[in-house]
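Colleague: need a structure here:
(chains A, B, C and D)
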Number of protein chains: 2
Amino acid sequence: MTETGGSHSTKERILEKAEALFAERGFHGVSIREITTAAKCNMASVHYHFNNKLNLYLEVFRSRWIPREKRMYDAFLASLAEEKEPSPSEVITALAHAYLKGPLTDEENRRHRQLIVRELYTPTEAFKLAADETLRPLFKTLYGLLKPSVYNGSEGNLTFDIMSIFGIVLYLNYSRPMVSLITGKGYDDTFKTLLIDHMVRFSMNGLSTE
Amino acid sequence: MTETGGSHSTKERILEKAEALFAERGFHGVSIREITTAAKCNMASVHYHFNNKLNLYLEVFRSRWIPREKRMYDAFLASLAEEKEPSPSEVITALAHAYLKGPLTDEENRRHRQLIVRELYTPTEAFKLAADETLRPLFKTLYGLLKPSVYNGSEGNLTFDIMSIFGIVLYLNYSRPMVSLITGKGYDDTFKTLLIDHMVRFSMNGLSTE
DNA sequence: TTGACTTTTAAACAAACGTTTGAAACAAAT
DNA sequence: ATTTGTTTCAAACGTTTGTTTAAAAGTCAA
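Modeller: Here you go, the predicted structure:
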């Protein structure tokens, strides 16, 4: 167990390339040969470091996806730290910012979402990992932040509201082929700003009760 | 070219099982052997009727997905036909109904969405087919229906609004593992009614300008 | 330098893949 | 009954798949 480190050990290179390829084409769409060729190492290294292909896929979530999601969650919390009781508008703005212009590069962001979207719609074991460690806690935090300021009828409504906001953020952020098809625009910085403004406005309206 | 018909020719059985399996696990996650075993026919039949696997996948969209989406579109239009100038609320209600309680069975509906969601996030040739024949026309219809009644600032806003509504409907309808995880409930009929009410309320609020 | 340990490698493995083949089964018309 | 054309089939094709093996290369303390 030397973990020779260096900034790019074989193990890390495999994880990096595996994530990129799994995000692009899914678990079944990628072969180990493809991953190890991209990572410039021998095919057997995958089995030496990760036992098998499925566990490599899960390890991408454990050691890359979940920590990265937590970084975004922290960035979201940090931008709220100044206010003691942030308004719903501030909460949603912080959320949209963290997810569209957060600490991740565009490419990281893209991979990150593609991985989880596959799991959202047809879950494997990785979904449970992500749900337990990041998605559910984020939801609970949002619920706690919004609950004091928002009253809109029965108990369950806020739950639906938050899920709708998730839906908007996810869809506008990651159905990019569809959004680009309809709007005819790419995701440059001004377009993202427009999108964030829209998300906040639409979501804030959605939350209002009368 | 006999097309012996009968209610379930080999060709139709292949298409049916192929759709179910592609929806469940994606193009790469399903083998021709698996499809033909499920369809109770020989493996070579796929190549006799569809030339190859990719074309079978595309044919699922051409001969099943697109006509089915058009049926839902028609159901949506039909439920609006009574009103001459339907209000936004009526439009959105009709939309949510067509997509959650429309002419499709639950199982059909599930497959239908899973197929297109895969394409939304990582498009293949099938995305272009679906976009040209159904998604873009639906968007334009919605735009035309909502435009007269909704004024909310600049031109582009309505476009974003409609996409947000898409996002909500898609997410709440088809990220069922996530929604069930958060709410702890299954998609029975009363839950769906709740969801539709919520979608309409949230979307209507979102559309409002002041 | 030796020796114990970790990591990487080339080569091979059985199994599964999409595709092709050529003959059998079937249908309809002459 | 024979012919013609369509549809199905079992069997095999060459590749590619995930995985295993056993040896080579590398690392580092004694």
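Colleague: is it true that A:Ser203 touches A:Val91?
Modeller: No. Contact criterion C-beta atoms under 8 Å: A:Ser203 and A:Val91 do not qualify, at 9.6 Å. In this view, the C-beta of every residue, glycine as well, is placed from N, C-alpha and C.
Colleague: Flag the shaky bits of chain A, pLDDT-wise.
Modeller: For chain A, the stretches flagged by pLDDT under 70 are A:1-7, A:151-156, A:208-210.
Colleague: For DNA strand C, what is the nearest residue in it?
Modeller: Nearest residue of chain A to DNA strand C, counting by C-beta to the nearest atom of the strand: A:Thr10, 3.1 Å away.
Colleague: ok, how many other residues are close to that residue?
Modeller: Neighbour count for A:Thr10, taken as other C-beta atoms under 10 Å in any protein chain shown: 18.
Colleague: what sits against it?
Modeller: Neighbour list for A:Thr10: A:Ala39, A:Cys41, A:Ser45, A:His49 [criterion: C-beta atoms under 8 Å, 6 or more residues apart in numbering or on different chains].
Colleague: Secondary structure class of the second one, three-state.
Modeller: Secondary structure for A:Cys41, judged by DSSP: H, G, I helix; E, B strand; the rest coil, is coil.
Colleague: Leaving out sequence neighbours, find the closest residue to it.
Modeller: When the adjacent residues along the chain are set aside, A:Cys41 lies closest to A:Thr10, with 4.9 Å between them (C-beta to C-beta, 6 or more residues apart in numbering or on different chains).
Colleague: can you pick the most crowded of the contacts of A:Thr10?
Modeller: A:Ala39 (21 neighbours).
Colleague: and that residue, what are its phi and psi?
Modeller: phi -90, psi 0 (degrees, to the nearest 10).
Colleague: What distance do you get for it to A:Tyr48?
Modeller: A:Ala39 is 13 Å from A:Tyr48, where distance means C-beta to C-beta, to the nearest Å.
Colleague: do A:Tyr121 as well
Modeller: From A:Tyr121 to A:Tyr48 the distance is 33 Å (C-beta to C-beta).
Colleague: more crowded one of those two?
Modeller: Ranked by neighbour count (other C-beta under 10 Å), A:Tyr121 and A:Tyr48 place A:Tyr121 first, with 22 against 12.
Colleague: For chain B, see how far away the more buried one is.
Modeller: 5 Å (C-beta to the nearest C-beta, to the nearest Å).
Colleague: hey, where'd the helices end up in chain A?
Modeller: A:10-25, A:32-38, A:44-50, A:53-60, A:66-78, A:88-100, A:106-121, A:125-130, A:136-146, A:156-174, A:176-183, A:189-207 (DSSP state H).
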